[in-house]
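**Student:** Could you look at this predicted model? Sequence included:
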Amino acid sequence: MSKKVIVVGGGWAGCAAAISARKAGAEVELYERTDLLLGLGNVGGIMRNNGRYTASEELIALGGGDLIKICDEISTHRNIDFPGHKHATLYDVNNIEAEVKKYILSLGIKVFTKSRIVDIEMENKKITGVYLADGTLVKGDVFIETTGSTGPMGNCYKYGNGCSMCVLRCPAYGPRVSLTTCAGLEDIKGERADEVYGAFSGSCKLAKESLSKDIQDELNSTGVVVLPVPKEDINFDKLKAKVCQQYALKEFAENVILLDTGHAKLMSSYYPLDKLRKIKGLENAKYVDPYAGDKGNSIRYLSSARRSSDMRVIGIENLFCAGEKAGLFVGHTEAICTGTLAGHNAVRLLAEKPMLILPKETVIGDIISFSNYRILKKGDRTSRFTFAGSIYFDRMKKLGMYTLDIEEIKDRVEKLELTNVFEEKIL
């Protein structure tokens, strides 16, 4: 009898978890409440910047780089530098979702979109099934929660500036539901200051066509445009609200930084439209996501689970987590890495094999362990953990783990006897 892994949430973490669980031999069903996979990946677009390059190549060496390779294949710009960031790859947000979904379906993973999970069925400390919004009970053997930490609308009103009408579209598809909360567990809330909860998403999208021809041409050719902000409009306080601490640099207050990700990615949580249109070349600028980018953005980091380094949720025997649900992680690469490990270990649990805990000699294993230490042991709710900057990138450099040398990364993984571990068929 086949063993079923159910993944709840179809963002980068959920897609990665589904892929690795399927490669390990399980039957996999992926449930996503909206009509699109990838979630915030549909407005993201940045890969391989700073330490994410090291992590991406490490994941490839471990055998889990499927999604990294898809992003590479449809990237429009490579080796891009912008303030505080080196050698970034920019992928086209308008094409990524269809490519990823096509690949997932080719593996035999069953994908259910517009399928919102609202509750769970439990026996003792095990989940036996999940309930859809229409009352349907879906049974499974192991579950992976990758529901993220953004929304519902009430959180954006309570901790932000209201619903920003972002790509997650809670009013249309219903709010995010925390499975860990349904199980009676207490989630962790990130803070941007003492007892000020959550953080604003770090960027917006402008319609590239609404920008001047000169800016369009520069974006298309170089991938990045930096425009000085009028002195009277420089606001350093806004940097404190950003979830993406790797972009909380003074250059991001003193300049408008645009990246070509299909649309023009505006590296600001939000920006008043009248002030934006004062800048030369942006006189006709229009927001694509969020539609209310003039006054706000989505609020994140309000629902992370307590978990161990094998990505299993503490208190439930057969529930794993990944992405923002697994801690105060920032970024697609971080979601893909944690999702890949969660999916793999879900199948190890089914096969009654020991869990895989990636050693600290890997950057992926180290960030998973280090973030847990800071959050659970130190009670740190204000730091965010990303390979691209802030506290963890500093740690990578201090430990000598940041490198662009692919052979060095392969050797590191080989010495640990982990080459292609995520390609292993377990069931």
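**Tutor:** Received, thanks. Numbers count the residues shown, from 1 in each chain.

**Student:** With adjacent residues omitted, what lies nearest to Asp119?
**Tutor:** Tyr131 (4.3 Å; C-beta to C-beta, 6 or more residues apart in numbering). All C-beta atoms are positioned from the backbone trio N, CA, C, and that covers glycine.

**Student:** secondary structure class for that neighbour?
**Tutor:** strand (DSSP: H, G, I helix; E, B strand; the rest coil).

**Student:** That one pairs with what?
**Tutor:** When assigned by DSSP bridges, Tyr131 has beta-bridge partners Asp119, Leu137.

**Student:** tally of neighbours for it?
**Tutor:** By other C-beta atoms under 10 Å, the residues close to Tyr131 number 17.

**Student:** Name all residues that make contact with it.
**Tutor:** Tyr131 is in contact with 117-121, 137-138, counting by C-beta atoms under 8 Å, 6 or more residues apart in numbering.

**Student:** Give me the buried subset of these.
**Tutor:** Neighbour-count burial (16 or more other C-beta atoms under 10 Å) applied to these gives 117-120, 138.

**Student:** nearest to Lys250, of those residues?
**Tutor:** Lowest distance from Lys250 to the buried ones among the contacts of Tyr131 (C-beta to C-beta) belongs to Ile117, with 42.1 Å.

**Student:** distance of the closest one from Glu29?
**Tutor:** Here Ile117 is placed at a distance of 11 Å from Glu29 (C-beta to C-beta, to the nearest Å).

**Student:** got the residue ranges for the helices in the stretch 51-200 of the chain?
**Tutor:** Along the stretch 51-200 of the chain, the segments classed as helices by DSSP state H, counting those that start in this stretch run 51-61, 66-73, 96-106, 153-159, 170-173, 179-182.

**Student:** For those, give me TSV that also has distance to Lys23.
**Tutor:** TSV is the format used below for these (distance: least, C-beta to C-beta, whole Å):
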stretch	distance to Lys23
helix 51-61	13
helix 66-73	8
helix 96-106	11
helix 153-159	35
helix 170-173	29
helix 179-182	24
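
**Student:** closest to Ala292 out of these?
**Tutor:** helix 153-159 (9.8 Å).

**Student:** And the closest one, what does it pack against?
**Tutor:** With contacts taken as 3 or more C-beta pairs under 8 Å, 6 or more residues apart in numbering; DSSP states H and E, helix 153-159 sits against strand 299-300.

**Student:** Can you list the strands that the strand it packs on pairs with?
**Tutor:** According to DSSP bridges, strand 299-300 has the following sheet partners: strand 199-200 (antiparallel).

**Student:** The strand it pairs with: how far from the chain's middle?
**Tutor:** How far strand 199-200 lies from its chain's middle: 14 Å, per C-alpha atoms, centre = their mean, to the nearest Å.

**Student:** Show me the contact partners of the very next helix or strand once past it.
**Tutor:** Per DSSP states H and E, the first helix or strand lying C-terminal to strand 199-200 is strand 204-206. Contacts to strand 204-206, defined as C-beta under 8 Å, 6+ apart, come from residues 43, 93, 258, 261, 263-266, 268-271, 282, 285-290, 293, 297.

**Student:** What about the residues you listed, which are in strands?
**Tutor:** Among these, DSSP state E puts 258, 261, 263-266, 287-289 in strands.

**Student:** Kindly reformat those residues as a markdown table containing neighbour count.
**Tutor:** Shown next, in a markdown table, are these (neighbours: other C-beta atoms under 10 Å):
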| residue | neighbour count |
| --- | --- |
| Leu258 | 27 |
| Thr261 | 25 |
| His263 | 24 |
| Ala264 | 24 |
| Lys265 | 28 |
| Leu266 | 23 |
| Tyr287 | 22 |
| Val288 | 21 |
| Asp289 | 26 |
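
**Student:** closest to Gly184 among those?
**Tutor:** Distance ranking of the ones in strands among the contacts of strand 204-206 against Gly184, using C-beta to C-beta, places Asp289 first at 34.9 Å.

**Student:** so where is the stretch 201-350 of the chain shaky, pLDDT-wise?
**Tutor:** Confidence mapping of the stretch 201-350 of the chain against pLDDT under 70 gives the ranges 236-249.

**Student:** cutoff 90 now
**Tutor:** Counting by pLDDT under 90, the ranges of the stretch 201-350 of the chain that qualify are 202, 230-255.

**Student:** In this model Val130 seems to touch Leu179, though I could be wrong.
**Tutor:** Yes. Using C-beta atoms under 8 Å, Leu179 makes contact with Val130 at a distance of 7.3 Å.

**Student:** shared neighbours, these two?
**Tutor:** Shared contacts of Leu179 and Val130, counting by C-beta under 8 Å, 6+ apart, come down to 8, 117, 120, 143.

**Student:** of those residues, closest to Gly323?
**Tutor:** Nearest member of the shared contacts of Leu179 and Val130 to Gly323, counting by C-beta to C-beta, is Val8, at 11.4 Å.

**Student:** Break the chain down into its domains, please.
**Tutor:** 4-198+300-423, 199-299 (automatic domain parsing).

**Student:** Can you tell me which of those is most buried?
**Tutor:** domain 4-198+300-423 (a mean of 21; mean count of other C-beta atoms under 10 Å).
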